[in-house]
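Asks: Structural data only, the sequence is not supplied:
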Ligand code: PMP
Ligand code: GLU
């Protein structure tokens with residue numbers, strides 16, 4: 001352990017996804033021609049309705065400390081929104097806690113639910129921050145490898161085999177980094193497994209609206225109440241609403257847990273940015289914004305189709321997960337002369353000027369993640385470079 005650092009940070013590493021974006025920016029500032037398909041951040045501006053609501057809130061003086069658990073306007077809009085997405089099921093606004101991005105919601109949930117030494121199962125590949133957040137709660141993340149024949153998803157059998165005594169499970173669907181989506185039946189099976197074993201589930205549904213099937217992606221909120229007694233659903237506006245910089249996320253939890261999470265953040269952030277909460281309330285509470293979201297999702301779908309078809313046609317030997325949601329494409333590079341994801345990405349950025357994220361960041365370095373949340377022109381140019389680079393490596 002580094003001298004002088006608290007044991008709280010003994011496992012801490014900087015987020016690889018954020019580090020790669022910064023590296024791409026640094027190279028661009030130094031005059032290099034680098035295309036960044038590393039960052040998982042929509043290239044679209046925030047739609048005008050939430051943007052104006054945020055500006056209005058500032059002008060109207062909503063600039064004092066907010067309600068610690070989040071302003072009622074936002075919690076009510078979020079409750080109605082989540083209810084509509086799940087066929088009208090009742091959602092209690094008092095069980096929603098608003099935080100500074102869903103990253104903080106995940107942190108609050110882990111810190112509230114897990115303690116020293118407790119085992120938290122994380123299906124892998126997994127978003128880079130999950131194991132780190134679990135470590136910060138002094139709990140023990142255990143990665144459970146997904147099945148390559150099944151979009152790298154895990155089944156209850158996998159969970160029982162690897163983590164029979166787990167206290168928690170963090171599940172991401174649609175998944176960052178694979179784009180895989182759990183079906184309603186698979187979510188139910190996991191919820192039933194968790195209930196039987198007394199496991200707390202943190203369901204990260206931040207990409208729920210970015211789904212290429214019909215309607216929003218299947219959710220834990222589509223399940224009956226008795227399967228939700230130990231489930232915290234995490235949602236947010238960063239991705240589907242193109243609001244990453246506003247830093248608003250939320251969690252829906254059973255009442256006692258929601259109150260504990262709010263108490264926790266009363267000592268950390270005093271609640272999320274006040275005017276940004278009005279922007280998020282407008283995003284979730286205004287029908288017209290849903291049209292903006294649908295347009296952005298349609299554009300993500302076109303980009304996904306472009307990436308998939310070019311890989312199929314031009315790099316037919318490369319395996320990848322069929323992306324059904326989110327905006328990531330996860331492909332395997334070890335068939336290219338045994339290259340690791342890290343080696344592939346390091347050489348690609350220096351030799352061909354494209355930033356991607358090595359699978360090591362997500363627990364499997366046979367793979368590489370490409371984010372297609374970027375302008376189509378950049379994606380086309382980046383694909384030209386990736387194809388040429390991969391062909392050369394494979395020769
Ligand atoms: N969960 C997943 C799976 C993500 O990819 C991200 C992206 N940063 C987050 C949570 C956190 O998003 P935010 O804090 O911007 O709401
Ligand atoms: N979630 C995005 C990603 O995976 C943004 C960066 C981050 O928060 O890690 O790239």
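Replies: Thanks, I have the structure now. What you are looking at is a predicted structure, and each value in this text was computed from that prediction instead of being measured. Ligands and ions are numbered 1, 2, ... in the order given.
Asks: my guess is residue 125 contacts residue 180, does it?
Replies: No - using Cβ atoms under 8 Å as the test, residue 125 is too far from residue 180 to be in contact (9.5 Å). All C-beta spots, glycine's among them, are computed from the backbone N, C-alpha and C.
Asks: quick one: which of those two has more around it?
Replies: For residue 125 versus residue 180, neighbours defined as other Cβ atoms under 10 Å are more numerous around residue 125 (28 against 25).
Asks: And that one, how far from ligand 2?
Replies: Distance of residue 125 to ligand 2, computed by Cβ to the nearest ligand atom, to the nearest Å: 11 Å.
Asks: Could you count how many residues lie near residue 342?
Replies: With other Cβ under 10 Å as criterion, residue 342 counts 17.
Asks: just checking, it is part of a helix?
Replies: Yes - using DSSP: H, G, I helix; E, B strand; the rest coil, the assignment for residue 342 is a helix.
Asks: List the contacts of it.
Replies: Under the criterion of Cβ atoms under 8 Å, 6 or more residues apart in numbering, the contact list for residue 342 reads 358, 360, 365.
Asks: Skipping adjacent residues, who's closest to the second one in space?
Replies: Right, residue 360. Of all residues not flanking residue 360 in the chain, residue 342 sits nearest, at 5.2 Å (Cβ to Cβ, 6 or more residues apart in numbering).
Asks: What does the pLDDT read for that neighbour?
Replies: If you check residue 342, the pLDDT there is 93.
Asks: neighbour-wise, which of the contacts of residue 342 leads?
Replies: Among those, residue 358 has the most neighbours (other Cβ under 10 Å), with 24 neighbours.
Asks: Torsion angles phi and psi at that one?
Replies: With angles defined as degrees, to the nearest 10, residue 358 sits at phi -70, psi 150.
Asks: Could you pull up the residues touching it?
Replies: So residue 358 contacts 16, 340, 341, 342, 344, 345, 346, 365, 368, 369 (Cβ under 8 Å, 6+ apart).
Asks: Helices along the protein, start to end?
Replies: For the chain, the helices defined by DSSP state H occupy 16-29, 48-59, 72-85, 102-113, 129-136, 156-162, 184-197, 255-266, 274-285, 287-314, 341-347, 376-394.
Asks: before we move on, the earlier item: between residue 125 and residue 180, which contacts overlap?
Replies: Common neighbours of residue 125 and residue 180 (Cβ under 8 Å, 6+ apart) are 146, 152.
Asks: pLDDT score for the closest residue to ligand 1 within the stretch 51-200 of the chain?
Replies: Using Cβ to the nearest ligand atom, the closest approach of the stretch 51-200 of the chain to ligand 1 is made by residue 101 at 2.7 Å. At residue 101, the model reports a pLDDT of 98.
Asks: Mind putting the contacts of residue 342 into a markdown table with distance to ligand 1 and pLDDT?
Replies: Conversion of the contacts of residue 342 to a markdown table gives the following (distance: Cβ to the nearest ligand atom, whole Å; pLDDT from 0 to 100):
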| residue | distance to ligand 1 | pLDDT |
| --- | --- | --- |
| 358 | 16 | 95 |
| 360 | 17 | 94 |
| 365 | 19 | 95 |
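Asks: Which one of the residues you listed is nearest to residue 5?
Replies: residue 360 (22.7 Å; Cβ to Cβ).
Asks: check contacts around the closest one.
Replies: Applying Cβ under 8 Å, 6+ apart, we find residue 360 in contact with 16, 340, 341, 342.
Asks: was I right about residue 258 contacting residue 95?
Replies: Yes - Residue 258 is within contact range of residue 95, at 4.7 Å (criterion: Cβ under 8 Å).
Asks: what's the overlap in contacts for these two?
Replies: By the contact definition Cβ under 8 Å, 6+ apart, residue 258 and residue 95 are jointly contacted by residue 252.
Asks: The two - which one has more neighbours?
Replies: Each of residue 258 and residue 95 has its neighbours counted (other Cβ under 10 Å); residue 258 has more, 23 against 20.
Asks: Retrieve the pLDDT associated with the closest residue to residue 321 other than its chain neighbours.
Replies: Leaving out its chain neighbours, the residue that sits closest to residue 321 by Cβ to Cβ, 6+ apart is residue 178, at 4.3 Å. Looking at residue 178, its pLDDT reads 98.
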